[in-house]
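A.B. asks: Sequence and predicted structure, then a few things I'm wondering about:
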Number of protein chains: 2
Amino acid sequence: MSSNLPSLRGLAALDALARHKRQGAAAEALGISRSALSHRIADLEAELGARLVTRSGRVSMLTDEGTALLAAMGDAIGRIEAAVAPLQRRLRQIRLSTVNTLAANWLLPRLPRFQRAHPDMEIAVLTTQRVADLDGEDVDCAIRNGMGDWPGMAARLLFRETLVPAAAPGLALGRPSGWPVIRARARFRDWPLWWQQAGQKREAPSGGMVVENRAQALEAALAGAGVVLTDARYLDTHLAAGRLRVLGPVIELDTGFHFVRSRAPRNPRNVEALARWLEEEGRSAPQAGWPPGASD
Amino acid sequence: MSSNLPSLRGLAALDALARHKRQGAAAEALGISRSALSHRIADLEAELGARLVTRSGRVSMLTDEGTALLAAMGDAIGRIEAAVAPLQRRLRQIRLSTVNTLAANWLLPRLPRFQRAHPDMEIAVLTTQRVADLDGEDVDCAIRNGMGDWPGMAARLLFRETLVPAAAPGLALGRPSGWPVIRARARFRDWPLWWQQAGQKREAPSGGMVVENRAQALEAALAGAGVVLTDARYLDTHLAAGRLRVLGPVIELDTGFHFVRSRAPRNPRNVEALARWLEEEGRSAPQAGWPPGASD
DNA sequence: CCGGACAGGTGAGAATTTCTCACCCATTTG
DNA sequence: CAAATGGGTGAGAAATTCTCACCTGTCCGG
């Protein structure tokens, strides 16, 4: 049983050469240099002590022994490739868990740029309403909203949360104290916070409509139902398209969106690349020259 | 097509582990250390980005992914092993071409010792009456009889040819000039040569029986048909067994047995080992304390 | 409950394999 | 004949793989 396994690379080289006839083409198919393929074949021949290919004029032909060897192997190499392929595909993928609103309004619009820069990776965005507990789920990393002080995991701040009021352009509005505010049930403290920090003199408006979460709140505002208070970054595309306008100053909260990686990501290198890119995006995006269109 | 092939060693390690349940046993089956196997598994897991084995208590079990991987591979590893096996067997083998007489009387009696020292090699002795032309035949090396000046090949002298007369102990003999000599047709110059160099005063005996070759001549002498003149080294076993006795001095010729290797031996390392051993044997064997039993 | 035997994991460093680069040589072809 | 094409080679960098020595965790008998 203690047989000396030959080099799989060498066998693959022989196989490719048999198919493509030329070393150049075979090498390209394997993604290695012509020289490497030549070495691989030569080493295999030395390892097995037999000539496997002959060069007759322009094309490389297999010897009888080479042909017999490949025939005896059958599609063993293909089998191995196929067996490993699903795992490798999963490896190219990065599973990123995040909340709905951030995904729809900040992440997804930017992702195509990352894809273009890293065509070898594939990002699967898993939007979960509640924050996924990282090591439980099949997830490599996540963007989480909070203070960044989660025990036992290194969180990297992407950007602080902000709050800014916005409404559809067509909506007729009076004084701020009379705004028809939209509240998200999960974020009922946002309006008082903004009201206080934005230095409004009058009382905060009470009443208004209440929806389940921020995504719905944004939808409501887009539909002209009232004034939404949400993160500045969620507004980018809507402001640019003229679907919303800004109604007051941006305030910054002490919570923020953080990048966290699971304890054992499948492919740490790729996850790291994504992390760096997200950090860059988080820094570069707004702040300077914000809000984009209006100055109201 | 430019798929990243996984390490065959790693897959083999996984396969062995699945069969043997314990790393120790699996490692032994593969002929590597436990540590190496552990590394191999760990690296494979990193390479594929998935846990493939779990250790539950004493035994290592494959995870679902590990099982699936092996199942998908089928017997690919076995196929590769089997495909390569015949070539590797041929590689362990050294084909040595030599003449009949030397093989029977000098080489074959010594070979078992070499085999014991190198159990990983296998020597195929091809006895050919005529000298094989090396590069034509499927032979790695040869022992040739001559002056050692063959053009284009490096000959390594094993020992000079010698000539010594011998006969069966029971044979009644008179003076040398009356010996019933046995002549090999291919070596009709031997008797005059010995007669002259051994300083015999009388005439060389004429007549006697003539056989085809030296092997037959030796056979004839063993059968008590007369006095054979042959190489001292061919007599070793027969003298020791008392089947022949020496009748005169040993003379040394200017021809000798040489080791020559074919232009491209399958396994140069093994051939070199054989060459060294043969040289050693050629030097060490007789000379000192020869002839073994008699002093006649 | 402790200590030894057993099984596996780890880090360092040596050995081996694999790759690319920069050349070379041979054959074909314009 | 010269350029183009295809293959081979040696050196050196990079990676893979191995062993060794040592660690950790589990199991079992006293």
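C.D. replies: Thanks, I have the structure now. These numbers were taken from a predicted model, which means no experiment stands behind them. Residues are numbered from 1 along each chain as shown, chains lettered A, B, ... in the order given.
A.B. asks: name the element the nearest residue to residue A:111 once chain neighbours are set aside belongs to?
C.D. replies: Once flanking residues are discounted, residue A:111 sits nearest to residue A:123: 6.3 Å by Cβ to Cβ, 6 or more residues apart in numbering or on different chains. Every residue, glycine included, has its C-beta placed from N, CA and C. Using DSSP states H and E, residue A:123 sits within strand A:122-127.
A.B. asks: Give me the residues contacting that strand.
C.D. replies: A:89, A:92-100, A:103-104, A:107-108, A:111, A:114-115, A:132, A:137, A:139, A:274 (Cβ atoms under 8 Å, 6 or more residues apart in numbering or on different chains).
A.B. asks: Among those residues, name the buried ones.
C.D. replies: Neighbour counting by 16 or more other Cβ atoms under 10 Å in any protein chain shown classes A:93-99, A:103-104, A:107, A:111, A:114, A:132, A:139, A:274 among these as buried.
A.B. asks: what kind of secondary structure is the nearest residue to residue A:222 once chain neighbours are set aside in?
C.D. replies: Distance criterion Cβ to Cβ, 6+ apart; nearest residue to residue A:222, sequence neighbours excluded, is residue A:243 at 5.8 Å. Classification of residue A:243 by DSSP: H, G, I helix; E, B strand; the rest coil places it in coil.
A.B. asks: Next, work out how far apart residue A:243 and residue A:225 are.
C.D. replies: Separation of residue A:243 from residue A:225 (Cβ to Cβ, to the nearest Å): 13 Å.
A.B. asks: shared neighbours, these two?
C.D. replies: What both residue A:243 and residue A:225 touch, as defined by Cβ under 8 Å, 6+ apart, is an empty set.
A.B. asks: Which residue of the two possesses the greater neighbour count?
C.D. replies: Using other Cβ atoms under 10 Å in any protein chain shown as the criterion, residue A:243 and residue A:225 rank with residue A:225 on top: 18 against 14.
A.B. asks: pLDDT wise, what is the more buried one at?
C.D. replies: For residue A:225, the model assigns a pLDDT of 92.
A.B. asks: what secondary structure does it sit in?
C.D. replies: coil.
A.B. asks: Which strand residues bridge the residue most central in space within chain A?
C.D. replies: For chain A, the residue nearest the mean C-alpha position is residue A:123 (4.0 Å; Cα atoms, centre = their mean). Residue A:123 has the following beta-bridge partners by DSSP bridges: residue A:94.
A.B. asks: What residue spans form the domains of chain A?
C.D. replies: Domain segmentation of chain A under automatic domain parsing yields A:8-74, A:88-158+A:257-282, A:161-254.
A.B. asks: Quick check: the gap between residue A:163 and chain B.
C.D. replies: 39 Å (Cβ to the nearest Cβ, to the nearest Å).
A.B. asks: Excluding chain neighbours, what is closest to that residue?
C.D. replies: residue A:194 (4.7 Å).
A.B. asks: How many neighbouring residues does the one you found have?
C.D. replies: 22.
A.B. asks: Could you do the one 5 residues further on as well?
C.D. replies: By other Cβ under 10 Å, 9 other residues sit near residue A:199.
A.B. asks: and it, what is it in contact with?
C.D. replies: Per Cβ under 8 Å, 6+ apart, neighbours of residue A:199: none.
A.B. asks: Could I get the pLDDT score of it?
C.D. replies: Looking at residue A:199, its pLDDT stands at 78.
A.B. asks: contacting residues for the residue nearest to residue A:222?
C.D. replies: A:168-169, A:222.
A.B. asks: now, which of the residues you listed lie within strands?
C.D. replies: Nothing among these maps onto strands, per DSSP state E.
A.B. asks: Show me where the stretch 51-200 of chain A dips below the pLDDT cut-off.
C.D. replies: A:57, A:129-137, A:152 (pLDDT under 70).
A.B. asks: Kindly report the residues of it close to chain B.
C.D. replies: Residues of the stretch 51-200 of chain A lying close to chain B (Cβ under 8 Å from any Cβ of the partner chain) are A:65, A:69-70, A:72-74, A:76-77, A:79-85, A:87-88, A:90-91.
A.B. asks: repeat that for 7 Å
C.D. replies: A:65, A:69, A:72-74, A:76, A:79-84, A:87-88, A:90-91 (Cβ under 7 Å from any Cβ of the partner chain).
A.B. asks: what about the residue of the stretch 151-296 of chain A found nearest DNA strand D, how many residues close to it?
C.D. replies: Proximity of the stretch 151-296 of chain A to DNA strand D (Cβ to the nearest atom of the strand) peaks at residue A:269, 11.4 Å away. Residues near residue A:269, counting by other Cβ under 10 Å, number 9.
A.B. asks: Any part of whatever helix or strand it lives in near chain B?
C.D. replies: Per DSSP H and E: residue A:269 is located in helix A:268-284. No: using Cβ under 7 Å from any Cβ, we find that helix A:268-284 stays clear of chain B, coming within 9.2 Å at best.
A.B. asks: what packs against that helix?
C.D. replies: Counting contacts by 3 or more Cβ pairs under 7 Å, 6 or more residues apart in numbering or on different chains; DSSP states H and E, helix A:268-284 packs against strand A:93-98, strand A:155-167, strand A:251-261.
A.B. asks: If we go by neighbour counts, what in the second one is buried?
C.D. replies: Neighbour-count burial for strand A:155-167, counted by 16+ other Cβ under 10 Å, picks out A:155, A:158-159, A:161-167.
A.B. asks: Partner strands of that strand and their direction?
C.D. replies: strand A:228-230 (antiparallel), strand A:245-246 (antiparallel), strand A:251-261 (antiparallel).
A.B. asks: Select, out of the ones you listed, the one closest to residue A:11.
C.D. replies: strand A:251-261 (37.4 Å; Cβ to Cβ).
A.B. asks: Run the angle between that closest one and helix A:268-284 for me.
C.D. replies: For strand A:251-261 against helix A:268-284, the angle by axes from the mean of the first three to the mean of the last three Cα atoms, to 10 degrees is 170 degrees.
A.B. asks: Only the buried residues of strand A:251-261, if you could.
C.D. replies: A:251, A:253, A:256-261.
A.B. asks: before we move on, what about stretch A:109-120?
C.D. replies: Using 16+ other Cβ under 10 Å as the test for burial, stretch A:109-120 gives A:111, A:114, A:118.
A.B. asks: phi, psi of the last one?
C.D. replies: So that's residue A:118. Main-chain dihedrals, residue A:118, degrees, to the nearest 10: phi -130, psi 70.
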